[in-house]
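Participant: What follows is a protein structure lacking sequence information:
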C-alpha cells in the first residue's frame, strides 16, 4: 500500500501518468479508490474498458458538474481504466487520440484563460489534478500486456501492487501535492547526473534485443524527461513527507520518555531537599523550553489545521535538493521496465503458433551478423532473456534489458 501511495503521489507531483500492475484487479482498484484517492479527497470514476465505450460515452462518464460555477463540465480528478489490455488494437488507437485531446489542454491557448478541451460532440475543462490510471493484470507466465506501443508511451512509469501488502497509509495528514509540485523544478541536477541518465538510455536503446524489435523495445526520446521528472519528484517526496513523519514518531516517543523522567524526578525530590533544588532548576529550564516548543508546534498546527494538509517547509530552512544516482536508478527501473517490451511482436511471443521455419527466417534476417547468429544460439539467447514473474519489480515481471544497462553503466562518484 505504501508503494502504491508513493507512486500515486509522485505521479501527481511530476504530472505524469503511471500504469498499475497487479494480480488482483478488484483489490487494487479498491485500495486505490477506497483509501488513497479518498484520502486526498479527490473525485474519481472507474471505467470498464472491456466494453470498449465510445468517445461520447467515455466523456460523459468521466465528467461532472462544474465546481466553480462554470458553464463547461469539468473532468474528474482520477480516471481508472480496467482491462485496457484486453481491448482490441483498433480501439487502443482510439484511446491514443482521446488522450492526445486531453493533453492538448492549455497548450496553444493563453495560460490565464485556458480554453476547454474540445471533443467531437462536447467540451470539458480540466482540473489542476487530473490523471488516467490503467489497472493491468499480470500474466501468470510473465508475458507482457498486449498494448499498442504508442499507447504504452502515454504512461510514463509503472508500479506493481501486491494484494498481500498491508492496507494502511503511513501518512496521517494529506500532503499538499500542488505545493510539492512547485518544488520539482528546484531540484538540482548536475551535468554528471544528466550524463548518467543519457548513458543508461543509450545502453538500453542499443541492446541486442532492442535491435530486434525497435518499435516496441526502444523507449521514446521523452524517456529522458520522464526519468528526470520521476526522480526529482521522488526527491521532493522523500525530503518533505517521509522524514517528517519519522520525526513526528520520534517526537512522540521522546515526549513519552520525558514524561516518565519527570515522574521519577518528583519521587526523588521527596527523599532529599538538596536534590529538590537541583530538580527545580532543571524543571524551570525544561518548562521554558517546553513552552517555546509548544508555541512553535501550536503555530505549525494552526497553519496545518487551517489548510488541512501538510505544507512543505521553506527551502531556506532545509538543505538544497539534489538528484543522486540512487534516485536515477529507481526512476529508470520504473520508467524503462514498462517502456521496454521486445516480446510484444508476434514472432518473439512465447505462444507462437505459426510455422517455425517462418519465424526462424525472420529472426535470422534481424540478427544479421551477430556473433554466433546461428538459430540455435539465437533462440537460446531469446529464451534466456524472457520476462518472468517477480513481485519486486515495477511491472511484476523481470526485464533483463534494463538490469543489464544499469549494471554496465557506472554511476558518477
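Facilitator: Thanks, I have the structure now. None of these values were measured; they are calculated from a predicted model.
Participant: any chance you could map the helices in the stretch 151-300 of the chain?
Facilitator: All helices of the stretch 151-300 of the chain, identified by DSSP state H, counting those that start in this stretch, fall at 177-181, 191-205, 208-212, 214-217, 223-240, 242-269, 273-307.
Participant: Please name every helix or strand in contact with the helix or strand encompassing residue 406.
Facilitator: Per DSSP states H and E, residue 406 falls inside helix 400-408. In terms of contacts (3 or more C-beta pairs under 8 Å, 6 or more residues apart in numbering; DSSP states H and E), helix 400-408 is packed against helix 191-205, helix 325-339. No exception for glycine: its C-beta is placed from N, CA and C like everyone else's.
Participant: And the last one, what's buried?
Facilitator: Read that as helix 325-339. For helix 325-339, the neighbour count (16 or more other C-beta atoms under 10 Å) marks 325, 327-339 as buried.
Participant: Can I get those residues in CSV including pLDDT and distance to residue 180?
Facilitator: Shown next, in CSV, are these (pLDDT from 0 to 100; distance: C-beta to C-beta, whole Å):
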residue, pLDDT, distance to residue 180
325, 96, 22
327, 97, 15
328, 97, 19
329, 97, 22
330, 97, 18
331, 97, 16
332, 97, 22
333, 97, 22
334, 97, 18
335, 97, 20
336, 96, 24
337, 96, 25
338, 95, 24
339, 94, 25
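Participant: how about the residues you listed, which pair is most distant?
Facilitator: With C-beta to C-beta as the measure, no two of these lie farther apart than 325 and 338, at 21.1 Å.
Participant: How is residue 81 assigned, secondary-structure-wise?
Facilitator: Per DSSP: H, G, I helix; E, B strand; the rest coil, the local secondary structure of residue 81 is strand.
Participant: so it bridges to which residues?
Facilitator: Per DSSP bridges, residues listed as beta-bridge partners of residue 81: residue 47, residue 134.
Participant: what stretches of the stretch 101-250 of the chain score poorly on pLDDT?
Facilitator: For the stretch 101-250 of the chain, the stretches with pLDDT under 70 are 106-114, 165-172, 242-250.
Participant: so residue 59 touches residue 116, yeah?
Facilitator: No - with contact defined as C-beta atoms under 8 Å, residue 59 does not reach residue 116; the gap is 11.6 Å.
Participant: Common neighbours of the two, please.
Facilitator: Residues touching both residue 59 and residue 116 (C-beta atoms under 8 Å, 6 or more residues apart in numbering): residue 124.
Participant: So for the helix holding residue 406, what gets flagged as buried?
Facilitator: Here helix 400-408 shows 400-402, 404-406 as buried, counting by 16+ other C-beta under 10 Å.
Participant: Make sure residue 404 is actually in contact with residue 206.
Facilitator: No - Residue 404 is beyond contact range of residue 206, at 11.2 Å (criterion: C-beta under 8 Å).
Participant: tell me the angle of the helix or strand containing residue 20 relative to helix 223-240?
Facilitator: Element membership for residue 20 (DSSP H and E) is strand 18-22. In terms of direction (axes from the mean of the first three to the mean of the last three C-alpha atoms, to 10 degrees), strand 18-22 departs from helix 223-240 by 80 degrees.
Participant: immediately after strand 18-22, which helix or strand?
Facilitator: Next element after strand 18-22 (DSSP H and E): helix 25-31.
Participant: Now do that following helix: which elements does it pack against?
Facilitator: Applying 3+ C-beta pairs under 8 Å, 6+ apart, we find helix 25-31 packed against strand 78-82, strand 131-137.
Participant: if you average pLDDT over the helix holding residue 406, what comes out?
Facilitator: Mean pLDDT, helix 400-408: 96.
Participant: hmm, back to that, can you tell me which of the buried residues of helix 400-408 comes closest to residue 46?
Facilitator: residue 402 (30.6 Å).
Participant: Once you drop chain neighbours, what's closest to that closest one?
Facilitator: In space, and not counting its chain neighbours, residue 402 is closest to residue 336: 4.5 Å by C-beta to C-beta, 6 or more residues apart in numbering.
Participant: Skip the chain neighbours and tell me the closest residue to residue 192.
Facilitator: residue 412 (3.8 Å).
Participant: doesn't residue 155 make contact with residue 99?
Facilitator: No - Residue 99 lies out of contact with residue 155 (C-beta under 8 Å); the separation is 9.3 Å.
Participant: The two: who's more crowded?
Facilitator: Using other C-beta atoms under 10 Å as the criterion, residue 99 and residue 155 rank with residue 155 on top: 25 against 16.
Participant: mind checking how far residue 3 is from residue 353?
Facilitator: Distance, residue 3 to residue 353, using C-beta to C-beta, to the nearest Å: 37 Å.
Participant: Looking at those two, which has the bigger crowd around it?
Facilitator: Applying other C-beta under 10 Å to residue 3 and residue 353 shows that residue 3 carries more neighbours, namely 13 against 6.
Participant: The more buried one and residue 161 touch, don't they?
Facilitator: Yes - contact status for residue 3 versus residue 161: in contact at 7.4 Å, counting by C-beta under 8 Å.
Participant: which neighbours do those two share?
Facilitator: Counting by C-beta under 8 Å, 6+ apart, nothing touches both residue 3 and residue 161.
Participant: Residue 394 is in contact with residue 337, isn't it?
Facilitator: Yes - contact criterion C-beta under 8 Å: residue 394 and residue 337 qualify, at 4.6 Å.
Participant: who touches both of these two?
Facilitator: Shared contacts of residue 394 and residue 337, counting by C-beta under 8 Å, 6+ apart, come down to residue 158.
Participant: Next, report how far the strand holding residue 20 is displaced from the centre of its chain.
Facilitator: Put simply, strand 18-22 sits 9 Å off its chain's centre (C-alpha atoms, centre = their mean, to the nearest Å).
Participant: which strands and helices sit next to it?
Facilitator: Against strand 18-22 (3+ C-beta pairs under 8 Å, 6+ apart) you get helix 2-14, strand 131-137, strand 157-161.
Participant: Tell me if I'm right that the residue nearest to residue 402 and residue 203 touch.
Facilitator: No - with contact defined as C-beta under 8 Å, residue 336 does not count as touching residue 203 (10.4 Å).
Participant: Between the two, which contacts overlap?
Facilitator: residue 405.
Participant: quick one, what contacts residue 6?
Facilitator: 234, 237.
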